[in-house]
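1. show me the folded form of this:
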Amino acid sequence: MCVVAVLALAAAASAVAAEPEDSARELADRHAPVMMLKAQENLCDTKGEQYAPTMVDVVLDNPQVFLRQLGTNNPVLMNGAKASDLFGLGEGFYLDFPGDALTPGCIYEEDFRKYSDGRRAVVYAHIVGQEDRPGQLALQYWFYWYFNDWNNKHESDWEGIQLLFDVGTVEQALQTEPVSVGYAQHEGGERADWDDDKLKRQGSHPVVYSSRGSHASYYDSALYLGRSGSEGFGCDNTDGPSVAVAPEVVVLPDAVDDPDDPLAWLAFAGRWGERQTGAFNGPTGPSQKDRWSAPIDWEEDLRGSSVLVPAGKSSGAQVVNAFCGLVGWGSTQLITLKTNPAPLVIVAVILFVLVSVLIGRTDWTRVRSLPVARRRRAGQIIKAGVPLIRSQPLPFLEIALIYIPVALSIGLIVEVIQLMPPFGSLVESDRGVGAVGVVLTLVVGGLGHAIAFIIVIAAVASRMRSLESGTAMGGLEAYRQTFARIGDLLSAIARAVVIVALLLISIVAIPWGIRQLVRYQFIAQTTMLEGLGGQAALDRSTQLIRGRWFHTAVMVALVNGLVGLVAAVVGILLLVLLTGIPLWLFSVLVSASSALIVVYGAVTLVLLYGDATAELEQLEDAEPVETSRASKLVTTSRPQRH
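-> Predicted structure coming up:
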């Protein structure tokens, strides 16, 4: 009878002890996230998500995974370490997976698929309060990813989200809803109220859009911009199509004190991946993160929103996309520098020598910007535009500001043309058109920018002519004069476009197309400064460039490259430094600064035309009557090329 009573009391005590555990599981299951993973078309397709949140068991008791200790050559302590082997190990220990984290190839995805075969996706739940915040409770979900294939590549990745309740116990949390939710993103994150429209839910389950490769958690399908450690430095992509994953939940305790506990890995303070420097280092586990024990403080520090990268072809969108690409490229170069520095160093040395030679071969002394028709070396042409603009900035600023709507209008017209037959089908080069479509895409795609730039060159040429004559017209008047001759200008542009396009489309005549493209660089200048138009403007431009084609090609490429580079650098600096302004205002600032740089490029090309005109005049003045002397004089008096 006594034995029965003792057993009954033991059973009752066991039931009481199990009740909080059952409540914790019920709460964790109730709000388990629905994971939206970027769809992957094929194995090793890095445009889709290669991994899924999984159990740490895929790397535990795995003979392919080494446990190493920091020291000489980082010796292997064992392979196939179990949870009990990790228990209590400190910062000097780390797991090392097959493969090289900096040059992952496809081995990590292949191994992940092999190790996780047949396993359901898993998230870890942790319910915790904060000592100095009684009456509040956090429900955390931790996501373990086998590999982080982003700008900061590293083995293993711990991410997650957190739901916050304004109650102090699990039982009370079961009777209410969360008040807010925080999504972890790199070193920081973003929060939302539970009833916020941006938070998508399936019933009581928050929907988490996981960024491809970096696994940062977001509220929607989009491209997100990061410019700091808390946001991440680069761009996170959660764009669809996406695959919905409903993971299984494993509840974690606050701490583990038994090495034989299946969750003994929680007491591992080392690294869950290959030891590397900086951002490429394997991460520490959940219990080593600040938010594990201070969840309320963590959520209060989160941002209220993330920066979406705008779609379209606006200046702001182009700069942001350039920034995304630049960060990715920079990450690749940093990895190359760490793994195989020789090729990168050789290329850098060659570029440095080449730039040094080009700079040293020209003259950088300051010369007057006017008159336009004057001999100038390449360095002098590049340098002369700045003081000219600085001497009377407002009219040139006016030209720059008017350029913005002009460029937008022309770009819109070109976009409409691309949608019209037969261009619509040809421009879609990814649909089997092949080389013809690629060439046509480049020609038509760049046409809007080219026409807008030609109009700016024409307006700048008009203003420089007025300065030369002492009238000093304003920017608006310069555009009025340009549009007064728009028929002649468009006639020349149309002829040039048709000739160059036909040559480029023919494939075999591409070299001739490039030759003609360079020969037609002065059509705006000859139209506005010499009163020509149509074919006459093309012929005059060809005449000026004859004998100096290579010089003109290099200078035009240099000016356009310089304009593009400076615009990109200025835009990226604004993007990184002005983090507090809305993206629309950033786009306005980028457009304005880019327009000013374009005006500088136009001034430079007008001066290049002036140099060609002065050279041709010198040659014509030096022509003798006698043919025998002509050859000699042309040889001895032709000015030196730049």
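
2. what about residue 389, distance to residue 595?
-> Between residue 389 and residue 595 the distance is 12 Å, computed by Cβ to Cβ, to the nearest Å. Placement of C-beta: from N, CA and C, glycine included.

3. neighbour count: the two, which is higher?
-> Comparing residue 389 with residue 595 by other Cβ atoms under 10 Å, the one with more neighbours is residue 595, at 22 against 19.

4. measure residue 40 to residue 297 for me?
-> When distances are taken as Cβ to Cβ, residue 40 and residue 297 turn out to be 37 Å apart.

5. give me the more crowded residue out of those two.
-> It is residue 40, of residue 40 and residue 297, that has more neighbours when counted by other Cβ under 10 Å, with 17 against 13.

6. report pLDDT for the more buried one.
-> With respect to pLDDT, residue 40 has a value of 92.

7. ok, now residue 312?
-> According to the predicted model, the pLDDT of residue 312 comes to 54.

8. mind listing what's buried along stretch 103-117?
-> The neighbour-count check on stretch 103-117 (16 or more other Cβ atoms under 10 Å) flags 104, 108, 109, 111, 112, 115, 116 as buried.

9. my read is residue 491 is in a helix, agree?
-> Yes: Residue 491: assigned to a helix according to DSSP: H, G, I helix; E, B strand; the rest coil.

10. packing partners for the one helix or strand residue 291 maps to?
-> Residue 291 is part of helix 290-293 when elements are defined by DSSP states H and E. Other helices and strands packing on helix 290-293, by 3 or more Cβ pairs under 8 Å, 6 or more residues apart in numbering; DSSP states H and E, are strand 122-128, helix 295-300.

11. with distance to residue 497 and mean pLDDT added, can I get these in JSON lines?
-> As requested, the helices and strands packed on helix 290-293 are exported to JSON lines (distance: least, Cβ to Cβ, whole Å; pLDDT from 0 to 100):
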{"stretch": "strand 122-128", "distance to residue 497": "57", "mean pLDDT": "96"}
{"stretch": "helix 295-300", "distance to residue 497": "58", "mean pLDDT": "95"}
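
12. of the ones you listed, which stretch is the most buried?
-> Comparing the helices and strands packed on helix 290-293 on average neighbours per residue, with mean count of other Cβ atoms under 10 Å, the densest one is strand 122-128 at a mean of 22.

13. helices or strands up against that strand?
-> helix 2-30, strand 137-148, strand 248-252, helix 290-293.

14. okay, which residue is most central for the chain?
-> residue 324 (0.7 Å; Cα atoms, centre = their mean).

15. name the secondary structure element that contains it.
-> Following DSSP H and E, one finds residue 324 within helix 315-339.

16. what's the average pLDDT for that helix?
-> 67.

17. that helix: what's the following helix or strand?
-> As the chain continues past helix 315-339, the following element, by DSSP H and E, is helix 341-360.

18. and that next one, what does it pack against?
-> The criterion is 3+ Cβ pairs under 8 Å, 6+ apart, and the helices and strands that helix 341-360 contacts are helix 315-339.

19. so where's the stretch 401-550 of the chain shaky on pLDDT?
-> Counting by pLDDT under 70, the stretch 401-550 of the chain contains low-confidence ranges at 410-446.

20. where in the stretch 1-150 of the chain is pLDDT low?
-> Low-confidence segments of the stretch 1-150 of the chain, defined by pLDDT under 70, are located at 1-20.

21. in the helix or strand hosting residue 459, what's buried?
-> In this assignment (DSSP H and E), residue 459 forms part of helix 447-469. Neighbour-count burial for helix 447-469, counted by 16+ other Cβ under 10 Å, picks out 447-448, 450-468.

22. may I see the buried residues of the following helix or strand past that helix?
-> Counting by DSSP H and E, the element after helix 447-469 in chain order, helix or strand, is helix 475-484. In terms of neighbour count (16+ other Cβ under 10 Å), helix 475-484 has its buried residues at 475, 477, 478, 479, 481, 482.

23. what does helix 475-484 contact?
-> Residues lying outside helix 475-484 but in contact with it, judged by Cβ atoms under 8 Å, 6 or more residues apart in numbering, are 394-402, 406, 455, 458-460, 462-463, 466, 473, 489, 528.

24. let's see that with 10 Å instead.
-> In this structure, residues lying in contact with helix 475-484 by Cβ atoms under 10 Å, 6 or more residues apart in numbering are 394-403, 406, 454-466, 471, 473-474, 489, 524, 527-528, 599.

25. next, count neighbours for the closest residue to residue 552 other than its chain neighbours.
-> Excluding the flanking residues, the one nearest residue 552 by Cβ to Cβ, 6 or more residues apart in numbering is residue 545, at 5.0 Å. Taking other Cβ under 10 Å as the criterion, the count of residues near residue 545 is 24.

26. residue 545 and residue 533: what is the separation?
-> Relative to residue 533, residue 545 is positioned 18 Å away (criterion: Cβ to Cβ).

27. swap in residue 242?
-> Distance check for residue 242 against residue 533: by Cβ to Cβ, it reads 55 Å.

28. isn't residue 605 up against residue 464?
-> No: in this structure residue 605 lies outside contact range of residue 464 using Cβ atoms under 10 Å: 11.1 Å.

29. need the longest helix for the chain.
-> In the chain, assigned by DSSP state H, the helix with the most residues is helix 583-621.

30. quick one: average pLDDT of that one?
-> 85.

31. picking that back up, max pairwise distance over the buried residues of stretch 103-117: which two?
-> Considering Cβ to Cβ, no two members of those lie farther apart than 104 and 116, which are separated by 16.7 Å.

32. contacts only, for residue 463.
-> Residue 463 sits next to 388, 392, 395-396, 398-399, 471-475, 477-479, 481-482, 528, 599, 602-603, 606 when contact means Cβ under 10 Å, 6+ apart.

33. mind giving me the ChimeraX select for those residues, buried ones only?
-> One line in ChimeraX is enough to select the buried members of these, burial here meaning 16+ other Cβ under 10 Å:
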select :388,395,396,398,399,473,474,475,477,478,479,481,482,528,599,602,603,606
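
34. contacts only, for residue 358.
-> For residue 358, the contacting residues are 378, 379, 554, 558, by Cβ under 10 Å, 6+ apart.

35. please pick the buried ones from those.
-> 378, 379.

36. now, the most widely separated pair of the contacts of residue 358?
-> Spatial extent of these (Cβ to Cβ) is set by the pair 379 and 554 at 12.5 Å.

37. what lines up beside the strand or helix carrying residue 206 in the sheet?
-> Assessed by DSSP H and E, residue 206 sits inside strand 205-210. Strand pairing for strand 205-210, using DSSP bridges, gives strand 34-38 (parallel), strand 201-202 (antiparallel), strand 217-218 (antiparallel).

38. can you list the buried residues in it?
-> By neighbour count, and taking 16+ other Cβ under 10 Å as the criterion, the buried residues in strand 205-210 are 206, 207, 208, 209, 210.

39. compute the inter-axis angle for that strand and strand 122-128.
-> Taking axes from the mean of the first three to the mean of the last three Cα atoms, to 10 degrees, one finds strand 205-210 and strand 122-128 inclined to each other by 120 degrees.

40. output strand 205-210 as CSV, nothing but the C-alphas.
-> Extracted in CSV, the C-alpha atoms of strand 205-210 (Å, rounded to 0.1, in the frame of the first residue of the first chain):
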residue,chain,number,x,y,z
HIS,A,205,2.8,31.8,-37.7
PRO,A,206,5.0,34.7,-38.9
VAL,A,207,6.3,34.4,-42.4
VAL,A,208,10.0,34.8,-42.7
TYR,A,209,11.7,35.7,-46.1
SER,A,210,15.2,34.4,-45.8
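
41. where do the helices of the stretch 101-250 of the chain begin and end?
-> Taking DSSP state H, counting those that start in this stretch as the test, the helices found in the stretch 101-250 of the chain are 107-115, 170-173.

42. so for residue 518, which of those helices sits nearest?
-> Evaluated over those, closeness to residue 518 peaks at helix 107-115, with 46.9 Å, by Cβ to Cβ.

43. who is residue 225 paired with across the strands?
-> On DSSP bridges, the residues paired with residue 225 through beta bridges are residue 235, residue 307.
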